[in-house]
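Visitor: got a predicted structure plus its sequence, pasted below:
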Amino acid sequence: MKIKKILFVFLVALIMRIVYAWFFVDASNLILEDQMMYIQLAQQYPSTGFLGVTSDRVPGYPLLVATIYNLFGENNMAVVMVQIFIDSLTCVIIGLIAESVIPRGFLVAGLISALNLNMIILSGMILTDTLFLFLFSIFILLFYHYIKSPNYFKLFMAISMLCLSTLVRPVSYYMVFMLLPFIFWFAIQSKWTFRQMLSSFLMYLIPIVIILGPIQYRNYHEY
C-alpha cells in the first residue's frame, strides 16, 4: 500500500511538471538572466574542472548540467526533463518527512508539493532551486530519523546530503557548523559514552572534509 502511495504522488508530480513543460517551457527562453550563467559554467566545466568554477558560485549545479550535456549533448530541454524527474522525487521525500512527524501525512504533504506551482515552474528553469531542494529534503528526512534512532550511518548520510546541498546553494552553509553543538547537546541528553561522542564527531567531520574541504582549500590559497 505504501508503494502505491509513493508511485501515486510521484506520477502526479511528474505529469504536472511534464504538462507544464510541454505548454509553457520554451527552450529559447532557457538562456535568460541567471540561467545563461549556469549554462556557461557548465560549458566551461570540461576545461575548468570541479575546482575551477568562479569563486562567487558553488560548483554543484554546474556539475549536474555539465553531466547532462555530456550524456545528451547541449540540450537544455534535457536538463529540464532531468529536473522534472528530480523534483517529482522531492515530492515523495516531502511526503515521507511529513509522515515521519504526522501519521497519514504522506498523501497530504506529497500532493501539496506535487501541485506546488513554485516547484513546478522552477523545475522548468535552469536554476539551482530544484536540485538544492531535493538534497536538502533528503538531509531533513535522514537527520530526523537519526534523532529518532541514532546510528553512525544515518549521521554520515545526513551530513553528506547537507554538504552536497551546500555545494548547490551556499545558503545552507551555516548549518554545517551549527548542527555540531546540537549533536553534542543531544549526545549529553542521551547519556552517550565518550567513545560514542568521538565516533559521532568523526562521522560528522568526514563528509565535511571530503565534500567541502577541496573548496575551502582552493578559496584559502587563491582568494
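Guide: Nice, thanks for sending it over. Numbering: from 1, shown residues only.
Visitor: use CA for all of it now, contacts and neighbours both
Guide: Noted.
Visitor: just how off-centre is the helix ranked longest in the chain within its chain?
Guide: Longest among the helix segments of the chain by residue count, using DSSP state H, is helix 76-101. Between the centre of helix 76-101 and the centre of its chain there are 10 Å (C-alpha atoms, centre = their mean, to the nearest Å).
Visitor: I'd like the next helix or strand past that helix.
Guide: Scanning forward in sequence from helix 76-101 by DSSP states H and E, the next helix or strand is helix 106-114.
Visitor: contacting residues around Y204?
Guide: Neighbour list for Y204: L155, F156, I159, L180 [criterion: C-alpha atoms under 8 Å, 6 or more residues apart in numbering].
Visitor: what's the closest non-adjacent residue to the second one?
Guide: For F156, ignoring the flanking residues on the chain, the nearest one in space by C-alpha to C-alpha, 6 or more residues apart in numbering is M203 at 5.2 Å.
Visitor: spell out the secondary structure type for that neighbour.
Guide: Following DSSP: H, G, I helix; E, B strand; the rest coil, M203 is assigned to helix.
Visitor: which stretches of this protein have low pLDDT?
Guide: Applying pLDDT under 70 to the chain picks out residues 1, 50-52, 54-55.
Visitor: closest to the centroid, which residue in it?
Guide: The residue lying closest to the centre of the chain (C-alpha atoms, centre = their mean) is L135, at 1.8 Å.
Visitor: so who does that one touch?
Guide: Contacts of L135 by C-alpha under 8 Å, 6+ apart are M161, L162, L164, S165.
Visitor: and the third one, what element?
Guide: What it means is L164. helix 152-168.
Visitor: what's the following helix or strand after that helix?
Guide: helix 173-189.
Visitor: what about the residue nearest to F156, how many residues nearby?
Guide: Neighbours of M203 under the rule other C-alpha atoms under 10 Å: 20.
Visitor: next: the one 5 residues further on.
Guide: One way to gauge burial is a neighbour count; for I208, by other C-alpha under 10 Å, it gives 20.
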